[in-house]
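S.K.: this is a predicted model, with the sequence first.
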Amino acid sequence: MYKIRDFEKFGKRMHLIKKIISILLYIIIIPVIIINFVILVKSYIEPNAIPSFFGIKTFVIVSKSMEPTIMTGDAIFVKETNKNDIKLHDIISFHDNGDMNTHRIIEIAVQNGITKYTTKGDNNKNPDREKVTYDKIEGVYLFKINGFGKIADLIKNKATLVTLLIFLIIISIGQVHMSKKRLDRKEKRYNYNIDKTKYQYIDLDNKK
């Protein structure tokens, strides 16, 4: 037999679990929505530029040229960097004949006052044919998330942003509804206890 207290403990435990899950969802979803919104606005303002969030950009690796440092399917994060802060052996993402490439700098040279970077994939035998100039660089590699490429692409999608907004609204409405139900239950228990006390009250002065 289950006691009332057992059900109350179970209810409190489930309420705590739901609350923790809701908080975690808010922590994850709200930043994603904010980042996507900023990127979306920037993509409209500068349609020919790769949008960033406070100078941070994300790319999905589709080749094996940087393995094992960066694997195919990894999502990488790069940061827009001043030319003077780009160093030898930095990994950079840059435009390469219409494509986006991510390779390591193996040589820096200045020719006719123009700084040129020689790049090479860690998994490639030979350096890249074309030298890279600063205007082609989108950013310097910061970190990666293993195998996060497909999810990163999905997050950038406009339909995903709308879906997340709807999901957040549903969660918020659900939280408000649950809070109201809990308040109603507390009020009913309070009124029940008051009524119970009234029925149990005995006038000891008249009991003789």
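M.R.: Cool, the structure landed. Worth saying up front: this structure is predicted, and the values here are computed from it rather than measured.
S.K.: pLDDT wise, what is residue 197 at?
M.R.: Per-residue pLDDT puts residue 197 at 61.
S.K.: oh, that last question was meant for residue 37, not what I typed.
M.R.: 67.
S.K.: next helix or strand past the longest strand seen in the chain?
M.R.: The strand spanning the most residues in the chain, taking DSSP state E as the definition, is strand 99-111. Next helix or strand after strand 99-111 toward the C-terminus (DSSP states H and E): strand 114-120.
S.K.: pLDDT of the following helix or strand past that following strand, averaged?
M.R.: Toward the C-terminus, strand 114-120 is succeeded by strand 132-133 as the next helix or strand (DSSP H and E). Across strand 132-133, pLDDT averages out at 96.
S.K.: need the contact partners of strand 132-133.
M.R.: 92, 94, 96, 114, 115, 116, 117, 118, 119 (Cβ atoms under 8 Å, 6 or more residues apart in numbering). Where you see a C-beta, it was placed from the backbone N, CA and C, and this is true even at glycine.
S.K.: can you tell me which of these comes closest to residue 131?
M.R.: residue 116 (4.0 Å; Cβ to Cβ).
S.K.: pLDDT at the closest one, what is it?
M.R.: On the pLDDT scale, residue 116 gets 95.
S.K.: gap between it and residue 129?
M.R.: To residue 129, residue 116 is 13 Å away according to Cβ to Cβ, to the nearest Å.
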